[in-house]
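**Student:** What follows is a protein structure lacking sequence information:
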């Protein structure tokens, strides 16, 4: 029995009949309606980030549209991941740009059963992508990838989208190598179970160190606790899912925990210090790759990596 569709269906019924009682979920729905992002920030904050990082605006001539997502545009750690990945793309000589305007994909609304808000966000984003003449999208967020590639089919056809670890794996031959410490990789649910992407992140990480797996990995990986919209709901009862997973990752003895999802990053960032007196570093795959690139003040020899 697939329990996830049943849970989403029950939530949809609660939303449609006005019996939704979670105040955190209600705040999320209002933030999506009023601000167009799950964190409730003004879009001006996204504009400031783009200007600060000198991210190019997508104008239809670049190869990729880099989808920021809510976490990449507004969360401090998510922004660091975007900056790192943008630097890697520049090193590879891949042309890209970010959309002038972008709304939440609607993933949390979809998982929490609010199909009306999801539809509004999906239709707005599909129109933006159409008007911008986007041909290919890359994103740091498996939730965004899943929603745009699969859920948007109900409302239109989105351009092809891939996760940044898939992009990095294709360009692995042009990425720098380094002999680092052991790295334990946490499989995100929406990248592994839902997209069947397991080898690509590990192949990229192997360029920077010895990759090890926790006891529960790949198809049997354990959730960080953020999926299904839970990142935006109230406190859990009993042991937190994120603490359970963080304890398992820390127990491997690896010096670095590698994540490939900004939501996993958020959950584990708080959980690791809570379960370990000397927690391992927590980095996204893109940050680990970027750390091996030449310093910004060094001349970067760009490989010809443009896809055809």
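**Tutor:** Looks like it came in fine. Note that the coordinates shown come from a computational prediction; the quantities given were computed from them, not determined experimentally.
**Student:** CA only for contacts and neighbour counts going forward, please
**Tutor:** Noted.
**Student:** number of nearby residues for residue 150?
**Tutor:** 12 (other Cα atoms under 10 Å).
**Student:** Also residue 123?
**Tutor:** Neighbours around residue 123, by other Cα under 10 Å: 16.
**Student:** Ramachandran angles for it?
**Tutor:** Phi and psi for residue 123, reported as degrees, to the nearest 10, are phi -60, psi -40.
**Student:** ok, and the closest non-adjacent residue to it?
**Tutor:** residue 155 (6.5 Å; Cα to Cα, 6 or more residues apart in numbering).
**Student:** Might you report the residue contacts of that neighbour?
**Tutor:** 119, 122-123 (Cα atoms under 8 Å, 6 or more residues apart in numbering).
**Student:** In stretch 43-63, which of the residues would be classed as buried?
**Tutor:** 43, 46, 49-50, 55-60, 62-63 (16 or more other Cα atoms under 10 Å).
**Student:** and the gap between residue 172 and residue 246?
**Tutor:** 28 Å (Cα to Cα, to the nearest Å).
**Student:** higher neighbour count, the two?
**Tutor:** More crowded of residue 172 and residue 246, by other Cα under 10 Å: residue 246, with 26 against 19.
**Student:** Contacts only, for that one.
**Tutor:** With contact set as Cα under 8 Å, 6+ apart, residue 246 has these partners: 268, 271-272, 275.
**Student:** What distance do you get for it to residue 266?
**Tutor:** Distance of residue 246 to residue 266, computed by Cα to Cα: 12 Å.
**Student:** what does residue 206 give?
**Tutor:** Taking Cα to Cα, one finds residue 206 at 23 Å from residue 266.
**Student:** do residue 153 as well
**Tutor:** On the measure of Cα to Cα, residue 153 and residue 266 end up 29 Å apart.
**Student:** ok, those two, which is more surrounded?
**Tutor:** Neighbours were counted for residue 153 and for residue 266 using other Cα under 10 Å; residue 266 has more, 20 against 12.
**Student:** Check the offset of stretch 229-249 from the chain's centre.
**Tutor:** Stretch 229-249 sits 18 Å away from the centroid of its parent chain (Cα atoms, centre = their mean, to the nearest Å).
**Student:** Show me which residues of it are buried.
**Tutor:** Buried residues in stretch 229-249 (16+ other Cα under 10 Å): 229-233, 241-249.
**Student:** helix/strand/coil for residue 216?
**Tutor:** When classified by DSSP: H, G, I helix; E, B strand; the rest coil, residue 216 comes out as coil.
**Student:** quick one: residue 120 from residue 103, how far?
**Tutor:** Distance from residue 120 to residue 103, by Cα to Cα: 10 Å.
**Student:** For these two, work out which one has more neighbours and name it.
**Tutor:** Set side by side, residue 120 and residue 103 show more neighbours around residue 103, with 20 against 16, by other Cα under 10 Å.
**Student:** residues near the nearest residue to that one once chain neighbours are set aside, how many?
**Tutor:** Closest residue in space to residue 103, ignoring its immediate chain neighbours: residue 36 at 5.0 Å, by Cα to Cα, 6+ apart. Residue 36 has 24 neighbouring residues, counting by other Cα under 10 Å.
**Student:** Now do the contacts for residue 256.
**Tutor:** Per Cα under 8 Å, 6+ apart, neighbours of residue 256: 181-184, 280-283.
**Student:** same question but for residue 50, I mixed them up
**Tutor:** Applying Cα under 8 Å, 6+ apart, the residues near residue 50 are residue 56.
**Student:** Okay, it and residue 257: tell me how far apart.
**Tutor:** 28 Å.
**Student:** Helices of the protein, start to end?
**Tutor:** 3-16, 23-35, 43-52, 69-74, 76-92, 107-111, 115-131, 142-149, 164-170, 199-205, 241-250, 262-275, 285-290 (DSSP state H).
**Student:** Could you point out which residue ranges in the stretch 201-308 of the chain have low pLDDT?
**Tutor:** The stretch 201-308 of the chain contains residues with pLDDT under 70 at 234-236, 296-308.
**Student:** just checking, residue 292 touches residue 179?
**Tutor:** No. Residue 292 lies out of contact with residue 179 (Cα atoms under 8 Å); the separation is 10.0 Å.
**Student:** Please identify, among the contacts of residue 256, the one with the most neighbours.
**Tutor:** With neighbours taken as other Cα under 10 Å, the top of those is residue 183, carrying 28 neighbours.
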